[in-house]
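Novice: build me a structure from this.
(chains A and B)
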Amino acid sequence: MELQIDDVSKTYSDGTEAVRDLSLTVSKGLIGLLGPNGAGKSTLMRLIATITAPTAGTLRWNGTDIVNHPTTMRRVLGYLPQDFGVYPELTAEEFLDYMAALKGVPGGAARSRIDRLLEIVGLQDARDRSLGGFSGGMTQRVGIACALLNDPDLLVADEPTVGLDPEERARFRALLTDLAEERVVLLSTHIVSDVEATATRLAVMNDGRLAATSSPEALIDRVRGQVWEWVVGRGELGNVRDQYPVTKAARRPDGVRVRSVAEQKPAASATPTEPALEDAYLSLLSGPSSPR
Amino acid sequence: MSVLRAWFYTATADLRVRLRDRRLLMVVAACIYLGHLVLAGRIELTLVDRSYRGAENAAWMGTVLSLTAAFLLVLFGFYLVRGALTRDRQARTAPLVAASPVRSVTYLLGKWTSGTLFLLVLAGSMAASLAVLFMLQGNGLPAPVSLLAPFLLFVVPTAAVVAAVALAFECLPGLGGTVGGILYFFGAVGATVTPVLGSVPVDLLGMGMIHDSMSQAVLAQYPEADPGTMFSFGYYRDPAEQLKTFQWDGVAVTADLLARRVGLVLAGAALAAGAALPFDRFDPSPNWQETLRAALPGLNTSTPTTDETSAVNSVAAEPPTAGPPSVFESSPDSSVPEESAFHSSLGSFSAPVGLRPFGLFAAECRRGLRRRSWTWRLGALALAGAGVWWPASTGLLVVMWLWPMPLWSGLGAGEAASRVEPLVASSLYPWAQRVAAWAVGAGATLVLLAGPLLLGGHWRALVGVLFVPALGLAAGRLSGTPRLFEIVYLVLWYVGLANRQAALDFGGVTEAPGATLLGYSVAGAVLLAGAVAWDWRS
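Specialist: Presented below is the predicted three-dimensional model:
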């Protein structure tokens, strides 16, 4: 199982360059695709899901060009888009059965699969309710079940935790970790904690380009010894933000405790601290970790 | 927030969205072409059985153009401007609007202003093309006042009323969809025809006024002219020859005329403002008491902002979960399990993958039927029964070809409206969904028309069974809304079926010639193939 992306670019008709010359190879495991809003993550997800075509470059699944042969990908794909809807007039079970038919899952297998998936996502009691009355979180769970209908080899989840409460998010991450043991799971998010403990590999996108690709540990190692914490007066926070990428700022009675990434000790009172993925990620997006 | 500021920004934002739609280019191109047709004399205004026409001065050309524009706005403008509120719902700006302090009346007046201006842009493109072509033909610059006056007198009020009716229909329960489109069409046909036939209280296009003014001019210059059926206005492939011309300098602008035309604009504004009464303010579960309370602040007994916000943000309560373990259920200590039991319990999936045409067809049937109200279903049942009882009735057949319009119009547009495109497009058989949708449309039509087809000898209607659902599917996929289909179909239905024009009859109402049947069959097949095969990957 291998997805190979070579020199892919996508420019929309209005001239927006959403993805620029991006190359990436992903294989079994959970790959976290991190990046700020507008980085091009959703476009890359749509390219992989074959619902839009690149303006340049190739995408291959197990060696087959999926731009020219999208069926190869669609046969093994589970896709949870960032923005999707459901047919409000159908029940959850009917909708999943409908999607199972579109995915080519035979009737008998689809029924047992839907039963189990509705249990898994906690919607078994709502299976006969019209989707028009579902909340955002419930609809998101229907989407998750939908993505897993055909037991995909490649699961592409674009901001899947949107609409889920913190506990649901944690459990969904555990579910993805489990699924990633035997398939490729590509999880796109701008929330670092979604991939911090689960991803075997990270790809960071910024401005349509791939800014970095490595394991979470290697990314964290990049800023080891460069993460500092210290307390500043409330009026000084703005100046600190101007000089360093601040990853955390917490109010305290004696001022604001800031956490930042810097090559040199940023203040006399600053103490080095253990780096986290968020430090490495923000440092990567904000450029060199020296005073600006 | 200042009311004027809110109105202005609502109108300009909505107008920007409308004008930035690339599909508008096609409509503008059509309008420019219509301007050319007016100048070329193909769109013709003649009097006394195509015997007299006005001398080609700016007043005459401007009036013919304005009548053409107003006529087209009445017939088609409604379908072009309808959907302002639906668009806000689909763009998800609706909750933001509903939770904002803007009054419903202000918001709707902004939408109405935008709709009116949009229609005037279209009509204006016709006028501009005529003026440019007029000059290119060496006629010099047309007198601007003579050209502009009929535009202001006849087009602006028409646009204002049409935009208001479109908005009001969207606010009224049951009229926001295809049913509203059908009702409007009949109303529009009536509004364009009756003023010429006799005196009516509301002359929307101003045709009665123009008719009277021109008749007087003809009779003054040609006393022998028969003042009976004088008006003839329409498209002609061959311009009339040997016409006598008369001098006409336009409708005399009197205080009475001005009051009537300005009154129409004000009536449009009043209708748009009045639409705030039935407007649900994007409440997902509207009730009439709340709607009236929101529209009429005097009736408010509770804090309005809180009510509106909570109504807009209300979502269905999630049901309690019970039964087998779920990854989304709380574990007793609310901790996240290190290893989920999900995969082992779900099991791997090794069933062969294959197309399930009957499953898809059944699912599309469910969708198609559930989208329709009980009234519609009972009406369809009654019509089907009547078709068996009176299978030879062509009048009944004409009505039967109208009833399934709401079903056909949703065949290709449903995916966009429900935002399921990414799920369908990334599935293994996206084309099969389209075939299934068409099959449901064709199947429902066959069942409805079973009586006339099998017992009444109306076998020619079979081409419509192929063609109409294919048109619905293709138009819906192309435009993403039901409106394109509604416009095209209503015109075809009105001309071909209601007016029994055999050359355009797809429904077996007349003895349509073989060429017509072949044409519709080929068109249906091409539309179906195109709609099914077209991959929307961009």
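Novice: which outside residues touch the strand or helix carrying residue A:19?
Specialist: Per DSSP states H and E: residue A:19 is located in strand A:17-27. Contact with strand A:17-27 is made by A:1-12, A:40, A:43-44, A:47, A:54, A:56-57, A:184, A:186, A:201, A:203, A:205, A:207-210, A:213, as judged by Cβ atoms under 8 Å, 6 or more residues apart in numbering or on different chains. (C-beta placed from N, C-alpha, C; glycine too.)
Novice: can you count the residues close to residue 32?
Specialist: Going with chain A. By other Cβ atoms under 10 Å in any protein chain shown, the residues close to residue A:32 number 23.
Novice: please refer instead to chain B.
Specialist: 16.
Novice: that one and residue B:187, how far apart?
Specialist: 28 Å (Cβ to Cβ, to the nearest Å).
Novice: just the buried members of the contacts of strand A:17-27?
Specialist: A:3-5, A:8-11, A:40, A:43-44, A:47, A:54, A:57, A:184, A:186, A:201, A:203, A:205, A:208-210, A:213 (16 or more other Cβ atoms under 10 Å in any protein chain shown).
Novice: out of these, which touch chain B?
Specialist: The subset of the buried ones among the contacts of strand A:17-27 within reach of chain B, by Cβ under 8 Å from any Cβ of the partner chain, is empty.
Novice: what about the residue most central in space within chain B, which helix or strand?
Specialist: Nearest to the mean C-alpha position of chain B, by Cα atoms, centre = their mean, lies residue B:79 at 2.3 Å. Using DSSP H and E, residue B:79 sits within helix B:78-81.
Novice: SS state for the single nearest residue of the stretch 1-150 of chain A relative to chain B?
Specialist: Closest residue of the stretch 1-150 of chain A to chain B, Cβ to the nearest Cβ: residue A:85 (3.0 Å). With DSSP: H, G, I helix; E, B strand; the rest coil as the basis, residue A:85 sits in coil.
Novice: what's the distance between it and residue A:156?
Specialist: 18 Å.
Novice: tell me which of the two has more neighbours.
Specialist: The neighbour count for residue A:85 versus residue A:156, taken as other Cβ under 10 Å, is higher for residue A:156 (26 against 19).
Novice: quick revisit: off-centre distance for the helix holding residue B:79?
Specialist: 5 Å (Cα atoms, centre = their mean, to the nearest Å).
Novice: contacts for that helix next, please.
Specialist: B:18, B:27, B:115, B:118-119, B:122, B:162-163, B:165-167, B:169, B:181, B:184, B:188, B:483, B:486-487.
Novice: chain A next: which of the residues you listed are close?
Specialist: Within those, nothing lies near chain A by Cβ under 8 Å from any Cβ.
Novice: can you count the residues close to residue A:78?
Specialist: With other Cβ under 10 Å as criterion, residue A:78 counts 23.
Novice: and it, what pLDDT?
Specialist: Among the per-residue scores, residue A:78 shows a pLDDT of 92.
Novice: now do residue B:50
Specialist: Reading off the model, residue B:50 has pLDDT 68.
Novice: likewise for residue A:290?
Specialist: Looking at residue A:290, the pLDDT reads 45.
Novice: so the residue of the stretch 1-150 of chain A closest to chain B makes contact with residue B:418?
Specialist: Yes. Contact criterion Cβ atoms under 8 Å: residue A:85 and residue B:418 qualify, at 4.6 Å.
Novice: tell me the phi and psi of the residue in the stretch 151-292 of chain A that chain B sits nearest to?
Specialist: Residue nearest to chain B within the stretch 151-292 of chain A: residue A:151 (3.0 Å; Cβ to the nearest Cβ). For residue A:151, the backbone dihedrals are phi 50, psi 70 (criterion: degrees, to the nearest 10).
Novice: again with the one 4 residues further on
Specialist: Dihedral angles phi and psi of residue A:155 (degrees, to the nearest 10) take the values phi -110, psi 120.
Novice: can you give me the pLDDT of it?
Specialist: Residue A:155 is given a pLDDT of 94.
Novice: could you give the number of residues near it?
Specialist: Residue A:155: 24 neighbours (other Cβ under 10 Å).
Novice: now residue B:104
Specialist: 24.
Novice: so the residue nearest to the spatial centre of chain A, which state does it fall into?
Specialist: Closest residue to the average C-alpha location of chain A: residue A:188 at 1.7 Å, with Cα atoms, centre = their mean. Of the three states, residue A:188 takes strand under three-state DSSP.
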